[in-house]
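**Q** Pasting the sequence and the predicted model now:
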Amino acid sequence: MINPIIVALDMPSSQKALELAEELAPLVGAFKVGKQLFISSGPDVIRKLRATGAKVFLDLKLNDIPNTVAKAVIAATDLGVQMTTVHASGGTEMLAAAENAAHEQAAMLRAEAPLVLGVTVLTSMDDNNLAELGIGGSVQEQVLRLAKLATNAGLRGLVCSPQEIEMLRAELGGTVQLVTPGIRPEWSQANDQKRTMTPAEAIQAGANWLVIGRPITGAADPKSAAIRILHTINPELVP
Ligand code: C5P
């Protein structure tokens with residue numbers, strides 16, 4: 001089993017992020033850089049994270065015309081990231097352009113193509129918010145619709161909430177990579193996450209990767225927090 005923990009480096013500057021990454025790199029599978037850290041620190045933080053040997057998930061949730069998204073995915077591939085995100089609501093052409101850009105650029109670099117992950121419905125949205133956008137039906141239905149759209153366009157992975165893992169596994173089969181935030185070990189606080197699963201529950205339900213932020217980054221001892229989590233998933237993962 002590969003180490004499924006992706007640590008969300010949600011911090012305002014690269015110094016703390018890089019210190020934490022140095023410390024945690026041997027214990028986790030990857031680091032996630034989101035809009036806050038990327039906009040404040042720029043691509044240099046990605047290069048420095050990659051220099052620790054760690055995998056990087058660049059989470060910018062791209063949504064634009066196909067050509068623009070493809071160019072952004074090429075730039076992300078050049079940076080050497082292993083995962084990146086696009087909004088599935090960008091539509092088939094945009095999604096296919098993103099996936100093709102990842103493969104073509106990686107082939108040129110003789111590298112592995114980054115996993116382009118489709119984001120379906122943000123967990124901050126409920127049925128009423130969808131109705132405001134003119135989208136009928138439930139969040140669950142919209143998630144499934146967009147998940148199918150994304151995988152039919154060629155995407156190999158999706159970001160989903162813990163509550164959606166089982167449905168997406170059942171509907172889409174075993175090969176799609178499912179990346180799940182909203183993870184809370186038994187011993188940690190929920191913070192602003194409302195519907196959570198423990199790391200072991202999410203893996204059991206069929207997640208491939210777990211995005212975990214504050215339970216690790218906010219712990220008094222982030223290394224031992226990561227080790228505790230690994231023990232609950234699979235003790236063999238503890239180095
Ligand atoms: O600190 P915490 O474990 O809640 O961090 C979770 C990470 O996953 C954050 O970077 C958050 O933005 C992200 N995320 C989320 N829920 C989503 C999508 C992304 O918590 N639906």
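**A** The structure has been received and is ready for your questions. Every value quoted in this text rests on a predicted model; they were computed, and no experiment measured them.
**Q** now the strands for this protein?
**A** Here the chain has its strands, by DSSP state E, at 5-8, 30-33, 55-62, 83-87, 115-119, 157-159, 177-180, 209-212.
**Q** so which of those strands gets nearest the ligand?
**A** Closest approach to the ligand among the strands of the chain is made by strand 5-8 (3.7 Å; CB to the nearest ligand atom). Placement of C-beta: from N, CA and C, glycine included.
**Q** Name every strand pairing with that closest one and say which way it goes.
**A** Strand pairing for strand 5-8, using DSSP bridges, gives strand 30-33 (parallel), strand 209-212 (parallel).
**Q** In JSON lines: these, plus mean pLDDT.
**A** What follows is the strands paired with strand 5-8, written out as JSON lines (pLDDT from 0 to 100):
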{"stretch": "strand 30-33", "mean pLDDT": "98"}
{"stretch": "strand 209-212", "mean pLDDT": "98"}
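**Q** now those as a markdown table including distance to the ligand?
**A** A markdown table is the format used below for those (distance: least, CB to the nearest ligand atom, whole Å):
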| stretch | distance to the ligand |
| --- | --- |
| strand 30-33 | 6 |
| strand 209-212 | 4 |
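**Q** residues contacting the residue in the chain positioned nearest to the ligand?
**A** Taking CB to the nearest ligand atom as the measure, the chain has residue 213 as its residue closest to the ligand, at 2.4 Å. Residue 213 makes contacts with 7, 8, 10, 32, 181, as judged by CB atoms under 8 Å, 6 or more residues apart in numbering.
**Q** one more time with 6 Å
**A** The neighbours of residue 213, taking CB atoms under 6 Å, 6 or more residues apart in numbering as the test, are 8, 10.
**Q** again, but for the one 10 residues further on
**A** Residue 223 makes contact with residue 23 under the criterion CB under 6 Å, 6+ apart.
**Q** Centre-most residue in this structure?
**A** The structure's the chain has its C-alpha centroid closest to residue 179; by CA atoms, centre = their mean the separation is 5.2 Å.
**Q** What angle do strand 115-119 and the helix ranked longest in the chain make with each other?
**A** Looking across the chain with DSSP state H, the single longest helix is helix 92-109. Relative orientation of helix 92-109 and strand 115-119, computed by axes from the mean of the first three to the mean of the last three CA atoms, to 10 degrees: 160 degrees.
**Q** Can you show me the CA trace of helix 92-109 as PDB?
**A** The C-alpha trace of helix 92-109 is given here as PDB (Å, rounded to 0.1, in the frame of the first residue of the first chain):
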ATOM      1  CA  THR A  92     -16.200  17.900 -21.400                       C
ATOM      2  CA  GLU A  93     -13.900  20.000 -23.700                       C
ATOM      3  CA  MET A  94     -12.200  21.700 -20.900                       C
ATOM      4  CA  LEU A  95     -11.700  18.500 -19.000                       C
ATOM      5  CA  ALA A  96     -10.400  16.600 -22.000                       C
ATOM      6  CA  ALA A  97      -8.000  19.500 -22.800                       C
ATOM      7  CA  ALA A  98      -6.600  19.400 -19.300                       C
ATOM      8  CA  GLU A  99      -6.100  15.600 -19.300                       C
ATOM      9  CA  ASN A 100      -4.500  15.700 -22.800                       C
ATOM     10  CA  ALA A 101      -2.200  18.600 -21.800                       C
ATOM     11  CA  ALA A 102      -1.000  16.600 -18.800                       C
ATOM     12  CA  HIS A 103      -0.200  13.500 -20.900                       C
ATOM     13  CA  GLU A 104       1.400  15.400 -23.800                       C
ATOM     14  CA  GLN A 105       3.600  17.600 -21.700                       C
ATOM     15  CA  ALA A 106       4.600  14.700 -19.500                       C
ATOM     16  CA  ALA A 107       5.500  12.600 -22.600                       C
ATOM     17  CA  MET A 108       7.700  15.500 -23.800                       C
ATOM     18  CA  LEU A 109       9.400  15.700 -20.500                       C
END
